[in-house]
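S.K.: Next come a sequence and a model predicted from it.
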Amino acid sequence: MSTLEIRDLHVSIETDQGTKEILRGVNLTINSGETHAIMGPNGSGKSTLAYTIAGHPRYTVDSGSITLDGADVLEMSIDERARAGLFLAMQYPVEIPGVTVSNFLRTAKTALDGEAPALRSWIKDLRGSMEALRMDSSFAERNVNEGFSGGEKKRHEIVQLELLKPSIAVLDETDSGLDVDALKIVSEGVNRVKENTGLGVLLITHYTRILRYITPDFVHVFVDGRVAEEGGPELAERLENEGYDRYLTGSTVG
Amino acid sequence: MSSAPAAHAPTTETQQHPHGPGSPVPVQTRNERFASAAHDDFPPVTGRELEWKLTPVEKIRDLIDGELDGSAFPAAVSSAPGVTAEWVGLDDPRVGSAGLAEERAAANAWSSAQQALAVTLTSEEAVAVTIDRTGADRAPRAAHTVITAAPNARGTVVIDNRGSARLSENVEIVAGAGSELTVVSVQEWDAESVHLSSQFARVDKDARLTHVVVSLGGAIVRVNPSVHLAGAGADGQLLGLYFADAGQHLEQRVYVHHIAPHTISRVTYKGALNGAGARTVWVGDVLIGRDATGTDSYEQNRNLVLSDGTRADSIPNLEIETGDIAGAGHASATGRFDDEQLFYLRSRGIDEQEARRLVVLGFLLEVVQKIGAPELEQRLIAAIETELDAVAVV
């Protein structure tokens, strides 16, 4: 049982026009087994929240706290956060030339567990996960994300989610760029991991489409760097019908 | 310096329109450069010339102008079916069949070498040959090597350089019609060694040459491949990989000359630099001649800078003399780590040092993966890992 707690989080970035505050006091609590959908218009700070949790150096935390089971996440390095049980499925996974998927995954697994995985069961797990996500086994010997289509990159993220077994995962617009078949495959993957490991999920999305396949327990509407409204799955349905317009009155966010 | 032996005409345009050093016409294109086997045909090197200005010429004066020991440079050639290896005089018809010296140090070697090592492949089954050179004393020496693949022959020749050397040499490579030849020149010399190597290749009709330069060890290593795609459909794959540590100078000047129609070239050189005074030079000249219609070429050089105090020069040049080409492009980039790659790896729990190691290794392995010689690949991976261990200590 893990709990990720975000309290009054203020985050800014440096831009050519100076410091820009993106998050303006975010409060969220995610427990194991729960799925929280974060929805909001473009530019509302959803991805900033994802990258701040993962520790991307571009983002500066000005105040507030993030804790995982009471431990101060903001004090941890990027890799320490992962070893503590956090995972970020990225919106734009990067290519890493010359590093094969199989080498990358084994290196990551070894780093997380502190020892190399037993070869036979590891290969079985890897094959099983790739098969479930409809990734041909030849992907294991390809370089990380190199020449992958958008959908293949996203499926590769979920293979990692399944094999690396974090306690809390942030999925940053995992649905973007997926056709309906790929969306189903990816969603099934996330649901399978939830069922098997009791994963807590922070699902960041612009659209309600993925919520038909991954049912959220809580929906948080993000506007202008903070949570503007919270509710259950029914809130997503309302957004589907009404859009974000009613939150944007008087706001400059487009 | 002895006078040059009779220069055999290479089948490039080089000697058809030679501009003497005193010519009033400025050299316009790479193929109009003066070529000769005679040292004294070239003007003295000042260090300001285009081909020398990035090289520490004062440290290699003896190789450029001094007397060179021209006796056979020690080499052991492994045996393989259909492969002959013999020492021949410079009057052997194979000598000069792929090119001619284009600068003074190469001409000095050409005119000093008393014997050439001639390795000829005739087997249509792929064979692997190693020319093992474990070095000599520190006296300046000259060497000459001719590697010939007969028409339709297939094989890989690795020139494996280790130990100590102070060497200026010419390596000629002829890929006969329809042949598939890979030549790998590995420089793992000791830390004091100096090595200047001009490597000329002629690729005939429908032949494919893969030429690989791997420079890891040596104080000053300058390997300049010149590949002439002389026959229609000739294919030149030029790969290079280098890792310069503190104080090391690793230079490669690559030239691809598309002479015949429908020729293909791909040039990919990647390097890493680490430590104060680590220095690399890459110059990539591609010339598409006026008869080379329908050609396809691409050259790229990428350098990864691992510490302060390094310098990487990267200069691509592309010259096209015909309007009818299938493709031509070039790219050059020198930079530090890609922070997004490091972030991605670290976000999966991999610590910073290991992540850096993976990124550098992967960056260089991209070239190794293309060589297509599994045993050599394993050895190069191990050698690169040893280089990276040194980075980890810093």
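M.R.: That came through fine.
S.K.: Spell out which parts of chain A neighbour chain B.
M.R.: Taking CB under 8 Å from any CB of the partner chain as the criterion, chain A approaches chain B at residues A:54-57, A:77-79, A:81-83, A:87-88, A:90, A:93-94, A:96-99, A:103-104, A:107-108, A:111-112, A:143, A:160, A:164. Every residue, glycine included, has its C-beta placed from N, CA and C.
S.K.: Show me what the helix or strand B:Thr130 falls within pairs with in its sheet, parallel or antiparallel.
M.R.: Element membership for B:Thr130, per DSSP states H and E: strand B:127-135. If you go by DSSP bridges, strand B:127-135 pairs up with strand B:76-77 (antiparallel), strand B:154-164 (parallel).
S.K.: Out of these, flag the one nearest A:Val170.
M.R.: Closest of these to A:Val170 is strand B:154-164, at 48.6 Å (criterion: CB to CB).
S.K.: Could you pull up the mean pLDDT of whichever helix or strand comes after the closest one?
M.R.: Sequence-wise, the next helix or strand downstream of strand B:154-164 (DSSP H and E) is strand B:166-175. Strand B:166-175 shows a mean pLDDT of 98.
S.K.: Name the nearest residue to the most centrally placed residue in chain B, ignoring sequence neighbours.
M.R.: In chain B, the centroid-proximal residue (CA atoms, centre = their mean) is B:Pro225; its distance is 3.7 Å. Closest residue to B:Pro225 apart from its sequence neighbours, by CB to CB, 6 or more residues apart in numbering or on different chains: B:Gln199 at 4.5 Å.
S.K.: Centre of the chain to the lowest-mean-pLDDT helix or strand in chain A, how far?
M.R.: In chain A, no helix or strand scores lower on mean pLDDT, DSSP states H and E than helix A:245-248, which sits at a mean of 81. Offset of helix A:245-248 from its chain centre (CA atoms, centre = their mean, to the nearest Å): 25 Å.
S.K.: Is the nearest residue to B:Ala101 once chain neighbours are set aside within a helix or a strand, and which one?
M.R.: Nearest residue to B:Ala101 in three dimensions, chain neighbours excluded: B:Ala107, at 3.9 Å (CB to CB, 6+ apart). B:Ala107 belongs to helix B:104-112 when assigned by DSSP H and E.
S.K.: Going C-terminal from that helix, what's the next secondary structure element?
M.R.: By DSSP H and E, the next helix or strand past helix B:104-112 is strand B:115-121.
S.K.: Can you pull the residues of chain B lying near chain A?
M.R.: B:338-341, B:343-352, B:354-355, B:358-359, B:361-366, B:369.
S.K.: Out of these, which end up buried?
M.R.: By neighbour count, with 16 or more other CB atoms under 10 Å in any protein chain shown, the residues of chain B next to chain A hold B:338, B:340-341, B:343-351, B:354-355, B:358-359, B:361-366, B:369 as buried.
S.K.: ok, which stretches of the stretch 1-150 of chain B are helices?
M.R.: Using DSSP state H, counting those that start in this stretch, the helices of the stretch 1-150 of chain B run over B:61-65, B:104-112.
S.K.: Any chance of those in a markdown table with mean neighbour count as columns?
M.R.: Converted to a markdown table, those look like this (neighbours: other CB atoms under 10 Å in any protein chain shown):
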| stretch | mean neighbour count |
| --- | --- |
| helix B:61-65 | 19 |
| helix B:104-112 | 28 |
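S.K.: Would you mind giving those helices as JSON lines with mean pLDDT and distance to B:Ala153 added?
M.R.: Listed next are the helices of the stretch 1-150 of chain B as JSON lines, based on pLDDT from 0 to 100; distance: least, CB to CB, whole Å:
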{"stretch": "helix B:61-65", "mean pLDDT": "97", "distance to B:Ala153": "33"}
{"stretch": "helix B:104-112", "mean pLDDT": "97", "distance to B:Ala153": "26"}
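S.K.: Redo those helices as CSV? Include distance to B:Thr182.
M.R.: Converted to CSV, those look like this (distance: least, CB to CB, whole Å):
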stretch, distance to B:Thr182
helix B:61-65, 28
helix B:104-112, 23
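S.K.: picking up where we left off before, the strand holding B:Thr130: which residues count as buried?
M.R.: B:127, B:129-131, B:133, B:135.
S.K.: what do you get for stretch B:330-337?
M.R.: Buried residues in stretch B:330-337 (16+ other CB under 10 Å): B:332, B:334.
S.K.: Whichever residue of chain B sits closest to chain A: what's it in contact with?
M.R.: When distances are taken as CB to the nearest CB, chain B reaches nearest to chain A at B:Gly362, 2.9 Å away. Counting by CB atoms under 8 Å, 6 or more residues apart in numbering or on different chains, B:Gly362 touches A:96-99, A:143.
S.K.: Just the element for B:Val283, please.
M.R.: strand B:279-288.
S.K.: One more: A:Thr52?
M.R.: helix A:46-54.
S.K.: what's the answer for A:Arg106, then?
M.R.: helix A:101-113.
S.K.: contacts for that helix?
M.R.: A:79, A:82-83, A:96, A:116-117, A:122, A:126, A:139-144, A:156, A:159-160, A:163-165, B:345, B:348-351, B:354, B:358.
S.K.: Select only the buried ones of these in ChimeraX?
M.R.: To isolate the buried subset of the contacts of helix A:101-113 in ChimeraX, counting by 16+ other CB under 10 Å, use the following:
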select /A:79,82,83,96,117,122,126,139,140,142,143,144,156,159,160,163,164,165 /B:345,348,349,350,351,354,358
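S.K.: Which ones among the contacts of helix A:101-113 map onto helices?
M.R.: A:79, A:82-83, A:122, A:126, A:156, A:159-160, A:163-164, B:345, B:354, B:358 (DSSP state H).
S.K.: Out of these, which comes closest to B:Glu102?
M.R.: Once CB to CB is applied, the member of these that ends up nearest B:Glu102 is B:Leu358, at 40.0 Å.
S.K.: How about that closest one, nearest residue that isn't a chain neighbour?
M.R.: For B:Leu358, ignoring the flanking residues on the chain, the nearest one in space by CB to CB, 6+ apart is A:Val99 at 5.4 Å.
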